[in-house]
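# Show me how the following folds:
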Amino acid sequence: MMRQPILLGFLCSALGWAQPSPPPESWVDPDTGHRVIRLTREPGSASMYFNQNSYLPDGKRMLYTSPAGIHVLTLATRESRLVVPAPARLIEAGRRHPRVYYVKEGAAWYTNVDTGESKRIGVLPPRGGVSTVNADETLLAGVSIDSVQGVDYGQRAQRARPNEEPLNKGQMMEERWAARLPMSLYTIRIDTGERKVLHRANDWLNHLLFSPTDPGLLMFCHEGPWHKVDRIWLIRTDGTGLKKIHSRTMAMEIWGHEFWSPDGKTIWYDLQTPRGEVFWLAGYEVATGKRTWYHLQRNEWSIHFNINRSMTLFAGDGGDPGQVARAPDGQWIYLFRPEELPNRGVDDPTFIRPGVLRAEKLVNMKNHGYRLEPNVSFTPDEKWIVFRSNMFGDSYVFAVEVDKPAAVSSDRQ
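Down below sits the predicted model:
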């Protein structure tokens, strides 16, 4: 078994084939003065989706994936360990226990990263999945496509297009949305595996995300072409409290890529009025209904935004000219400082509170292919912004320091 990689390396050397070298472990971005480090060693490794919890309760360790499976990484030392071998699909890290939640073999599982204890929680329904773990780790939540006269959507699409090219993402979104398939939104009890349906709809239900503080509050979306759906919704785990978070006021208004504030009080989301022209990071306060909109310039729009734990800073992962903003110079990792504008006019509590995001560029992403979305997140200590990138070829997980090194800062003042 050991001879194959040795022989391959010999052949590559003899034939003059270049073997890919790993990216640098650390560098200072010459365009921004911020230090960047590589967190992972495995080609093909990736951090989690921007709004999923990837950090264990101690705030010192982070989950990530590679072709080998699910790993836990100690942020201070960059040492990592394989916890769940592939194949397994990562759901989230627990907020109360040092657990990794995942799906394998058609069932939901968790593994304690410290003890190695693993538990098979429960079997998923056909054409079903699990997306999120609640704050006290008592429930999982997911959705399933219910049967449509015995044939699921994938089979229907394949039969309807047997000799055609595969759908691109835009076509897929349009056709899947228009199919109006019956779906169920459900929870699974972690202790017993009991499944309970909360909501049924012919809307395309997706992007479930539990509140980080309220174990009984679940956010989800109506998926599809953003200019045709009412995207963001809330529901309680007893099936009550179904509520739409944003309503369209103009043609081609879009909103999405929603995420919670760390205290669970506010839902933040990308808002465009209209699509591709005017850009906001919008906030909705769940208890009061108050709204705050922070304006961004076209180049500063990002595929995903995120917020630090003290809720004083935002981050964004930028976008290339092929994204909805069509930004000519948007390929950056950004730091944003929110600034609410003073009100010198009518003081009406029902009005939207306007503001702006003051942007600072952290990492030049000109060599990154944005088909791989960077998916920024702040580390729990708020000193770093984690992202994934293929700027050196294979994808790896990186982190950029929020503050510039002292020597760089003094040199540039």
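# how far away is Pro43 from Pro67?
With distances taken as C-beta to C-beta, to the nearest Å, Pro43 is found 8 Å from Pro67. Heads up, the C-betas are built off the backbone N, CA and C, glycines and all.
# err, His207, not the other one
With distances taken as C-beta to C-beta, His207 is found 25 Å from Pro67.
# who's more crowded, the two?
His207 (20 against 11; other C-beta atoms under 10 Å).
# wait, that one sits on Glu223?
Yes: contact between His207 and Glu223 holds when scored by C-beta atoms under 8 Å: they sit 6.8 Å apart.
# where exactly do the helices run in the stretch 1-150 of the chain?
Using DSSP state H, counting those that start in this stretch, the helices found in the stretch 1-150 of the chain span residues 3-15.
# Low-confidence regions, it specifically.
For the stretch 1-150 of the chain, residues meeting the criterion pLDDT under 70 lie at 1-20, 148-150.
# ends of stretch 334-348, how far apart?
33 Å (C-alpha to C-alpha, to the nearest Å).
# what do you get for stretch 43-59?
For stretch 43-59, the first-to-last residue distance is 25 Å (C-alpha to C-alpha).
# same deal with stretch 206-217?
With C-alpha to C-alpha as the measure, the ends of stretch 206-217 fall 16 Å from one another.
# Spit out the residues that contact Pro43 and Pro67 alike.
By the contact definition C-beta atoms under 8 Å, 6 or more residues apart in numbering, Pro43 and Pro67 are jointly contacted by no residue.
# residue ranges for the helices of the stretch 201-350 of the chain, please.
Secondary structure of the stretch 201-350 of the chain, counting by DSSP H, counting those that start in this stretch: no helices present.
# Where does the prediction get shaky in it?
Nowhere does the stretch 201-350 of the chain drop to pLDDT under 70.
# Over the top strand by length along the chain, what's the mean pLDDT, rounded is fine.
In the chain, assigned by DSSP state E, the strand with the most residues is strand 353-364. Across strand 353-364, the average pLDDT comes to 98.
# Parallel or antiparallel, which strands does the very next helix or strand once past it pair with?
Following strand 353-364 in sequence order, the next helix or strand is strand 377-378 (DSSP states H and E). According to DSSP bridges, strand 377-378 has the following sheet partners: strand 384-389 (antiparallel).
# Same question for the partner strand: list its buried residues.
Applying a neighbour-count criterion of 16 or more other C-beta atoms under 10 Å, one finds 384-389 buried in strand 384-389.
# quick one: strands adjacent to whichever helix or strand comes after it?
Toward the C-terminus, strand 384-389 is succeeded by strand 396-401 as the next helix or strand (DSSP H and E). For strand 396-401, the paired strands and their directions (DSSP bridges) are strand 35-38 (antiparallel), strand 384-389 (antiparallel).
# Among those strands, which comes closest to Ser54?
Ser54 lies closest to strand 384-389 among the strands paired with strand 396-401, at 8.0 Å (C-beta to C-beta).
# thinking again about what came up before, dump the buried residues of strand 384-389 to TSV, plus pLDDT and distance to Val229.
Written out in TSV, the entries for these read as follows (pLDDT from 0 to 100; distance: C-beta to C-beta, whole Å):
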residue	pLDDT	distance to Val229
Trp384	98	34
Ile385	98	30
Val386	98	30
Phe387	98	28
Arg388	98	27
Ser389	98	30
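# which of the residues you listed lies closest to Met62?
For the buried residues of strand 384-389, the closest approach to Met62 (C-beta to C-beta) belongs to Val386, at 7.1 Å.
# Was I right to think that closest one contacts Val376?
Yes: assessed by C-beta under 8 Å, Val386 is found in contact with Val376 at 7.0 Å.
# list the helices and strands the longest strand of the chain packs on?
strand 291-296, strand 332-340, strand 396-401 (3 or more C-beta pairs under 8 Å, 6 or more residues apart in numbering; DSSP states H and E).
# Please work out which of the ones you listed is packed deepest.
Looking across the helices and strands packed on strand 353-364 with neighbours counted as mean count of other C-beta atoms under 10 Å, the highest average goes to strand 396-401: a mean of 23.
# got the angle for that strand vs strand 353-364?
Here the directions of strand 396-401 and strand 353-364 differ by 120 degrees (axes from the mean of the first three to the mean of the last three C-alpha atoms, to 10 degrees).
# Doesn't Ala178 lie inside a helix?
Yes: membership of Ala178 in a helix is supported by DSSP: H, G, I helix; E, B strand; the rest coil.
# That one: how many residues sit nearby?
The local packing of Ala178 (other C-beta under 10 Å) involves 12 other residues.
# For the remainder of this discussion, apply numbering that starts at 401.
All set: I'll call the first residue 401, so the last point we hit is now Ala578.
# for it, what are its contacts?
Counting by C-beta under 8 Å, 6+ apart, Ala578 touches no other residue.
# Any buried residues in stretch 606-613, and which?
Buried residues in stretch 606-613, counting neighbours by 16+ other C-beta under 10 Å, are found at 606-613.
# got the contact list for it?
The contact list for stretch 606-613 (C-beta under 8 Å, 6+ apart) reads 451-453, 495, 531-535, 539, 541-543, 585, 617-623, 658-660, 662-664.
# Pull out the buried residues from the residues you listed.
By the neighbour-count criterion of 16+ other C-beta under 10 Å, the contacts of stretch 606-613 include these buried positions: 451-453, 495, 531-535, 539, 541-543, 585, 617-623, 658-660, 662, 664.
# From the residues you listed, which land in strands?
532-533, 539, 541-543, 585, 617-622, 658-660.
# does the residue lying closest to Gly459 once chain neighbours are set aside count as helix, strand or coil?
Closest residue to Gly459 apart from its sequence neighbours, by C-beta to C-beta, 6 or more residues apart in numbering: Pro780 at 3.5 Å. Per three-state DSSP, the secondary structure class of Pro780 is coil.
# Isn't Pro780 up against Pro662?
No: judged on C-beta under 8 Å, Pro780 makes no contact with Pro662 at a distance of 9.5 Å.
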